[in-house]
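Asker: Provide a 3D model corresponding to the input given below.
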Amino acid sequence: MIRALKDFVRTVMANGAVARQLAEARGMLRSQNINFFPSGIAEKAIVKYLTSPSWEVRNIGVKLIPRLGNPTLFDLLPPILTDHSESGIVRRNAATAICHARHWNDISCDAIERSLRDRYWEVRSEALHSLAALAKPSEHSEALILSVLFGGHPAAHEKGPADVYRRSTLRERNFEVRAACAHALGALAVSEQSVEALSRLLADSVWIVRYQATIALAEFAARNDTYKALAADRIRKVQITPECSVSKHPFGQTVSRLGSDVLKGTLSGHPEELRHLYLNLKKGWNIVDD
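Answerer: Okay, the predicted model is just below:
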């Protein structure tokens, strides 16, 4: 069966069909306004791209779905995200597309949650960003993120003792996923468990993780006055290493500001004032989020 499929792909590639399809798909992706295409044409093209033998073409099809904005195509994304036979890049972009399309229902929610355990780190990272953008703060959302960081079933992290996270081993090895966990906790945390988990990330060996955890802890405190003083104390103690002391580095001045502002309560109740301070790692190590 696998040999037959490979022979089919070689045959298609040989006659140039995939090359032509890839050129067409790239042209549509570069189009300033995909809605200029006649009604139904773009939808049919996207469906065709998603069944292409080329992962590059399928990847473009996934990227085009939120740009077209047709709700009937949104439901095609969750099965792609959870299909482990699909290319990791395509699955990663399916998670991104769900976020961009603002497509949040039981099916997409389940797909995002399952993807938090994906073997490919970029899928886990994008799933966390989608969860942060689309879900609501809750014990369940918090537990999902804690399970990524510390392992175990999410149910084991609901309503547990906060001090456990002061000594538990961090299971997530990829620093970008740890950074994404921090970002997601900033948006969705509801308990002291997250304060302790973020405090662990404030001591991470990678400064990017420490930075994201600093913003996340401040955002959580801005949503919940109960943890305002504790967050300010932890933020003031975060380590600024020599790597963060270069000219125009965002870390030092951000930590200096947050330690006092959170304590004073000047950001209390307005977490949106903090969200633009997160680093956007897709653009660069020192580029704050949009």
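Asker: Spatially central residue in this protein, please.
Answerer: For the chain, His129 is the residue whose C-alpha lies nearest the centre (C-alpha atoms, centre = their mean; 2.2 Å).
Asker: so where does that residue fall, helix or strand?
Answerer: Element membership of His129 [criterion: DSSP states H and E] is helix 121-134.
Asker: Show residues contacting that helix.
Answerer: When contacts are taken as C-beta atoms under 8 Å, 6 or more residues apart in numbering, the neighbours of helix 121-134 outside the stretch itself are 81, 88-89, 91-93, 95-96, 98-99, 102, 104, 109, 112-113, 115-118, 141, 144-145, 148, 174, 176-177, 180-181, 183-184, 186-188. Backbone N, C-alpha and C define where each C-beta goes, glycine included.
Asker: what separates that helix from the chain centre, distance-wise?
Answerer: The gap between the average C-alpha position of helix 121-134 and the chain average comes to 3 Å, counting by C-alpha atoms, centre = their mean, to the nearest Å.
Asker: Run through the stretch 1-150 of the chain and note the low-pLDDT ranges.
Answerer: In the prediction, the stretch 1-150 of the chain carries residues with pLDDT under 70 at positions 1-15, 32-39.
Asker: all helices for it, in order.
Answerer: 2-14, 17-30, 41-50, 55-68, 71-74, 77-81, 88-100, 106-115, 121-134, 139-150 (DSSP state H, counting those that start in this stretch).
Asker: Throw those helices into a markdown table and include distance to Leu198, thanks.
Answerer: Rendered in a markdown table, the data for the helices of the stretch 1-150 of the chain read as follows (distance: least, C-beta to C-beta, whole Å):
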| stretch | distance to Leu198 |
| --- | --- |
| helix 2-14 | 46 |
| helix 17-30 | 38 |
| helix 41-50 | 38 |
| helix 55-68 | 30 |
| helix 71-74 | 32 |
| helix 77-81 | 27 |
| helix 88-100 | 22 |
| helix 106-115 | 21 |
| helix 121-134 | 14 |
| helix 139-150 | 10 |
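Asker: returning to that earlier point: would you mind measuring from the residue nearest to the centre of the chain to Ala182?
Answerer: 11 Å (C-beta to C-beta, to the nearest Å).
Asker: Same check on Val47?
Answerer: Val47 sits 37 Å away from Ala182, taking C-beta to C-beta as the criterion.
Asker: more neighbours, those two?
Answerer: Comparing Val47 with Ala182 by neighbour count (other C-beta atoms under 10 Å), the higher total belongs to Ala182, at 33 against 14.
Asker: Arg166 touches Ala197, doesn't it?
Answerer: No: Arg166 is not in contact with Ala197 according to C-beta atoms under 8 Å; the separation is 9.4 Å.
Asker: between the two, which one's more packed in?
Answerer: With neighbours defined as other C-beta under 10 Å, Arg166 and Ala197 compare such that Ala197 has more, 30 against 11.
Asker: host element of the more buried one?
Answerer: Here Ala197 is covered by helix 192-201, with elements defined by DSSP H and E.
Asker: which other helices and strands contact that helix?
Answerer: In terms of contact count using 3 or more C-beta pairs under 8 Å, 6 or more residues apart in numbering; DSSP states H and E, helix 192-201 is assigned the packing partners helix 139-150, helix 175-188, helix 207-223, helix 228-236.
Asker: Kindly state the distance between the middle of the last one and the middle of its chain.
Answerer: Chain-centre distance of helix 228-236: 25 Å, with C-alpha atoms, centre = their mean.
Asker: where does Leu279 fall, phi/psi-wise?
Answerer: Summarising the backbone geometry of Leu279 under the convention degrees, to the nearest 10, its torsions are phi -70, psi 140.
Asker: Check the spacing between it and Ala218 real quick.
Answerer: If you go by C-beta to C-beta, the gap between Leu279 and Ala218 works out to 14 Å.
Asker: Pro137 and Val190 touch, don't they?
Answerer: Yes: between Pro137 and Val190 there is a contact under C-beta under 8 Å: 5.2 Å.
Asker: To Lys159, which of the helices and strands packed on helix 192-201 lies closest?
Answerer: With C-beta to C-beta, the closest approach to Lys159 among the helices and strands packed on helix 192-201 belongs to helix 139-150: 6.6 Å.
Asker: so the closest one versus helix 121-134, what angle?
Answerer: Interaxial angle of helix 139-150 relative to helix 121-134 (axes from the mean of the first three to the mean of the last three C-alpha atoms, to 10 degrees): 160 degrees.
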